[in-house]
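K.L.:
Structure of the sequence below:
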Amino acid sequence: MSERIAKFIARSGVCSRRAAEELIMQKRVTVNGETINSPAYNVDGSEKILIDGEKLPAIEQTRLWLYYKPVGLITSHKDANRPTVFDNLPDNMPRVISVGRLDLNSEGLLLLTNNGELSRMLELPQNGWSRRYKVKVHGFVTQQKLDSLKNGVTIEGINYGPVKISIESTQGTNTWLMVTLNEGKNREIRRLMQHIGLDVARLIRLSYGPFQLGSLKKGEVKEVPHKVMKEQLGGKFEL
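P.N.:
Numbers count the residues shown, from 1 in each chain. I've put the predicted structure just below:
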């Protein structure tokens, strides 16, 4: 069966489908020696497909890992000056890409996969999966402030969806919150907290959909068993 080349590239784990489409438009992809410039090009896997002159890795069984991202690592494959998540994974890990991101100063659960199509699917807000965070804030917290975000808000022209926030504990001007949202826009929680006059001191992602941080330690990686993947993704993604 043939499929769009961007999807084929994503399934190899090199990058997401969107990133593959960008590579194609930049004329960095060749098929059987011919440079292509349209993501609509179809392939069946028998072709010689190169990106920047390098052959795609063989498509393997889809795999998924849970990773406790520490503070101080960026979620990027390349950065000249700062350490990345991918530079700090165990040596026996295959090439993987992340499901969404956690910024430099955030920590907690980051999903990793060898399948760019799976990464793309898990990032879509319409899959209905919530992300849950434990957030330490500094400032004067009231439930009224927190409730002002529950139906969504627009900040500097960016629309943020509904957010569920509860107070876990308070000591002086420091408060731990439990924050649940269904999107994952860049620095979303930090911007929401700033909008209501609070500063984020610590941000830990506890869960992403049905996948939990659990007892993982900082920097630790744990593969999700294929059986569990099928149970959680069976109706949404073909494994």
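
K.L.:
mind listing what the spatially most central residue of the chain touches?
P.N.:
Centrality entry for the chain: nearest residue to the mean C-alpha point is Gly100, 1.5 Å, by CA atoms, centre = their mean. By CB atoms under 8 Å, 6 or more residues apart in numbering, Gly100 lies in contact with 75, 110-111, 122-123, 184, 208. Using the backbone N, CA and C atoms, a C-beta is placed for each residue, glycine as well.

K.L.:
mind redoing it with 7 Å?
P.N.:
Gly100 sits next to 123, 184 when contact means CB atoms under 7 Å, 6 or more residues apart in numbering.

K.L.:
cool, and the one 10 residues further on?
P.N.:
Residues in contact with Leu110 (CB under 7 Å, 6+ apart) are 67, 69, 75, 85, 98, 102.

K.L.:
do the same with Thr30
P.N.:
For Thr30, the contact set (CB under 7 Å, 6+ apart) comprises Leu50.

K.L.:
That one: which element?
P.N.:
Under the criterion of DSSP states H and E, Thr30 resides in strand 29-31.

K.L.:
who does that strand pair up with?
P.N.:
strand 34-35 (antiparallel), strand 49-51 (antiparallel) (DSSP bridges).

K.L.:
partners of whatever helix or strand comes next after the last one in the sheet?
P.N.:
Using DSSP H and E, the helix or strand that directly follows strand 49-51 along the chain is strand 54-55. Using DSSP bridges, the strands paired with strand 54-55 in its sheet are strand 49-51 (antiparallel).

K.L.:
any idea how far the partner strand is from the chain center?
P.N.:
With CA atoms, centre = their mean, to the nearest Å as the basis, strand 49-51 stands 25 Å off its chain's centre.

K.L.:
Kindly report the same for stretch 184-204.
P.N.:
Centre-to-centre, stretch 184-204 and its host chain are 17 Å apart (CA atoms, centre = their mean).

K.L.:
neighbouring contacts of that stretch?
P.N.:
With CB under 7 Å, 6+ apart as the test, stretch 184-204 has contacts from 100, 103, 106-108, 131, 133-139, 141, 145, 148-149, 153, 155, 158, 160, 163, 174, 179, 181.

K.L.:
Return the subset of these lying in strands.
P.N.:
Secondary structure from DSSP state E places 107-108, 131, 133-138, 153, 155, 158, 160, 163, 174, 179, 181 of these in strands.
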